[in-house]
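# starting from these lines, generate the structure:
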Amino acid sequence: DRHETVRWRTAEALGKIGPESRPAVPALVRTLSETGLVATEGAKALGRIGAGAREAVPALAAGLRSPDVYFRREVAKALVRIGPDGAGAVPALIEALRDKDKVVRMESARALGRMGGAARSAVAALTAATKDSDDLVKRAALQSLEAIQAAP
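Purely as a prediction, here's the structure:
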């Protein structure tokens with residue numbers, strides 16, 4: 001739709017539907033190239049679809065470099081919810097562990113932990129994150145290191 005409000009409200013509605021919105025993943029991926037609420041609600045919706053949105057991982061990973069902190073937060077949360085199949089996002093998540101926003105750092109650490117053994121290349125970055133200035137980031141990094149080490 002040409003109206004921004006219609007686009008973000010549609011993405012929001014698809015997110016509320018959840019995994020059954022899987023057929024809308026390609027359209028939601030396109031929202032990630034927009035700005036503001038359209039992109040943010042698109043990222044939220046992809047996260048709520050979960051593992052069925054794994055084809056969105058490359059576009060979400062690219063979103064971790066956005067100047068919009070709220071969008072980066074939702075992208076990191078979406079990658080957590082998509083789970084282990086988001087392994088293609090590992091390099092972007094490692095970079096996001098150094099984000100200036102503590103929520104982005106925490107959610108990035110959580111996403112890496114959910115990926116288990118596929119995120120073994122993140123061990124050094126997660127180890128460094130255990131010294132973060134924020135306690136929640138430290139805890140997420142420690143939990144993720146445990147999950148990666150326990151993975152087969």
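# how far does the longest helix along the chain sit from the chain's center?
Using DSSP state H, we find that the single longest helix of the chain is helix 135-150. Counting by Cα atoms, centre = their mean, to the nearest Å, helix 135-150 is centred 16 Å from the centre of its parent chain.
# pretty sure T130 is touching E146, no?
No. Contact criterion Cβ atoms under 8 Å: T130 and E146 do not qualify, at 11.0 Å. C-beta here means a position set from N, CA and C on the backbone, and glycine is covered the same way.
# more neighbours: the two, which one.
T130 (15 against 12; other Cβ atoms under 10 Å).
# tell me, how many residues neighbour the residue nearest to the more buried one when sequence neighbours are not counted?
Spatial nearest neighbour of T130, excluding adjacent residues (Cβ to Cβ, 6 or more residues apart in numbering): A141 at 4.7 Å. For A141, the neighbour count with other Cβ under 10 Å is 27.
# how much space separates A141 from G47?
21 Å (Cβ to Cβ, to the nearest Å).
# again with A39
A39 is 13 Å from G47, by Cβ to Cβ.
# for A89, same thing?
Using Cβ to Cβ, we find A89 at a distance of 12 Å from G47.
# list residues touching both of those two?
L79 (Cβ atoms under 8 Å, 6 or more residues apart in numbering).
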